[in-house]
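# I would like the atomic coordinates for the input below:
(chains A, B, C and D)
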There are 2 protein chains.
Amino acid sequence: MTAPTRGDRGQSQTLKALLGIRELVFAGAVGPGERLSEVILSHRLGLSRTPIRAALAQLEQEGVLETMPSGGHTVRAFTQADVADAIELRGVLEGTAARFAAERDADPVRLQAMHGILDALDRIVAEPRKMDFSAYIDFNGEFHNLLHALSGSETLRREIERVMKLPFAWPNAFVTAQSQMPEVRASLVVAQSQHRALVDAIERREGTRAEALAREHARLALTNLDVVLEDRTLVRTVPGLALVSG
Amino acid sequence: MTAPTRGDRGQSQTLKALLGIRELVFAGAVGPGERLSEVILSHRLGLSRTPIRAALAQLEQEGVLETMPSGGHTVRAFTQADVADAIELRGVLEGTAARFAAERDADPVRLQAMHGILDALDRIVAEPRKMDFSAYIDFNGEFHNLLHALSGSETLRREIERVMKLPFAWPNAFVTAQSQMPEVRASLVVAQSQHRALVDAIERREGTRAEALAREHARLALTNLDVVLEDRTLVRTVPGLALVSG
DNA sequence: CCGATCCATCCTGTATACAGAAGCATGGCT
DNA sequence: AGCCATGCTTCTGTATACAGGATGGATCGG
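Below is the predicted model of the structure:
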């Protein structure tokens, strides 16, 4: 039993380490400021220190962990302001993606796909009985992915992807929480209206409008943030929000 | 001679590997698409494979290298559009930093320091005889660093720092090239005027103006890009521009 | 009873060993 | 002569060994 011939096949050890540690951190199994011992982690995840080490380094790059001056890693403590900034930053970057899409010629094929997603979201939101949140999350995620691709800038797309590694900056972060909040329907109707307006602005080559709309769309998450942080039970439904202290 | 008791003291092996490989790549010692062998690198830099490996992983995160599907790393090939996007992206992010600085209360102490830098830059640019480019680069870099800090958002500051890891997105990237171009003085006068306007906008809490100014300021590099790419000898003065193909 | 110092333990950074996979060239076959 | 199979070489991914330094606790002194 030296190397990768373990029972679980498929992913590399490093990937397993990455996913495993992410899970531990975002689930709140290790609190902010707490030290992550490589040895303990390697035992806990059944890996050697090498892939653990690689994963820790990457998570530091992602902004989830911090390196102590004396060596070793700790979980980064996020403030409420950090979360707000991350969300606003996503708005700024998605705004730029929308503007790029409007200014350059957005790929017609992708725009067509965009309309398909819009229609699907319409149908989900309009559903009179209980909404299919799982489907909403899928299509909403796809909408945003497509928007990023529509920018036509690989550099920008990478940067957005990076910011969304912070789980509370993810477009779907608050949707599950919303599902347990009173004014769900209204909130998602607004979001969907913004989705449509955004695509419309892109098609009309109205870059400034597209940018402003994308920013405002992200701010929807910001208003949800306040509500969620008031309610301990809701906090748990938003991945990574357990790390917020203060 | 097992470990870190090498003659050169100070930095860790990993840092040496990082700097060394960055140097090799940005100097054009390895061309775009070329494969980087860990063994060869470890020989070349006099390190073991472990720190080399860590450095390669980080450089991939920075967007300088790419991982091959079969494993191993290659130098990423940048197009001219990639460079333009990176510069524009810096403009967007610094624009956000400027807006934040204007919207939130910018730290008065730092604002004071900002004025000191502005004055220094004024003196350098106004110098009738040959300009001190080295000093200009220092103060210009300091201006931008302070701007990023003035935003008051650590999340944003980190993101900006990341984008500037692409050397051609660095605020000073084209200054050395400019020093060999005809209309130097004029160009730097414009830049300095934008610096002043930017600080003025922040102090007056004019967020939108501050944002627009920072974006336009970054675009100054964009106009230089075209000029530089025409001239083979100038290309060499801008770090990392050797990676641009097409 | 509190604080500082010293010692033992643990932990990280680095080097190296090892195995499976990929790339490559040679040689055989059609 | 061209193409495919095959064996070798070289590589990366992973595990482990080792050493210097940090951390924490117990003991001694005030």
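# contacting residues for the spatially most central residue of chain A?
Nearest to the mean C-alpha position of chain A, by CA atoms, centre = their mean, lies A:Trp170 at 1.9 Å. A:Trp170 sits next to A:Met164, A:Pro239 when contact means CB atoms under 8 Å, 6 or more residues apart in numbering or on different chains. Just so you know, the C-beta spots here come from the backbone N, C-alpha and C atoms, and that holds for glycine as well.
# Over to the one 5 residues further on?
Neighbour list for A:Val175: A:Phe133, A:Tyr136, A:Ile137, A:Asn140 [criterion: CB under 8 Å, 6+ apart].
# What's the separation between A:Leu198 and B:Gln11?
Counting by CB to CB, to the nearest Å, the gap from A:Leu198 to B:Gln11 is 47 Å.
# Neighbour count: these two, which is higher?
Each of A:Leu198 and B:Gln11 has its neighbours counted (other CB atoms under 10 Å in any protein chain shown); A:Leu198 has more, 27 against 12.
# Name the residues of chain A found near chain B, please.
Applying CB under 8 Å from any CB of the partner chain, we find that chain A lies next to chain B at A:53-54, A:57-58, A:61, A:63, A:81-82, A:85-86, A:89, A:92-93, A:96, A:153-156, A:158-159, A:162-163, A:166.
# Out of those, list just those in helices.
Counting by DSSP state H, the residues of chain A next to chain B place A:53-54, A:57-58, A:61, A:81-82, A:85-86, A:89, A:92-93, A:96, A:154-156, A:158-159, A:162-163 in helices.
# when you check DNA strand D, which of these turn up near it?
By CB under 7 Å from any atom of the strand, the members of these lying near DNA strand D are A:Ala54.
# Got a ChimeraX select line for the buried ones in the ones in helices among the residues of chain A next to chain B?
Filtering these down to the buried ones (16 or more other CB atoms under 10 Å in any protein chain shown) takes a single ChimeraX command:
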select /A:53,54,57,58,61,82,85,86,89,92,93,96,154,155,156,159,162,163
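# thinking again about what came up before, how about the contacts of A:Val175 in JSON lines, adding secondary structure?
Formatted as JSON lines, those follow (DSSP: H, G, I helix; E, B strand; the rest coil):
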{"residue": "A:Phe133", "secondary structure": "helix"}
{"residue": "A:Tyr136", "secondary structure": "helix"}
{"residue": "A:Ile137", "secondary structure": "helix"}
{"residue": "A:Asn140", "secondary structure": "helix"}
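# Go through those and name the one nearest DNA strand D.
A:Ile137 (30.3 Å; CB to the nearest atom of the strand).
# wouldn't that closest one be in contact with A:Pro171 here?
No. The criterion here is CB atoms under 8 Å, and A:Ile137 misses it with A:Pro171 at 9.1 Å.
# higher neighbour count, the two?
Counted by other CB under 10 Å, A:Ile137 and A:Pro171 do not tie: A:Pro171 has more neighbours, with 22 against 16.
# so what's the backbone phi/psi at that one?
The phi/psi pair for A:Pro171 (degrees, to the nearest 10) reads phi -50, psi -30.
# what's the neighbour count on A:Glu23?
Neighbours around A:Glu23, by other CB under 10 Å: 12.
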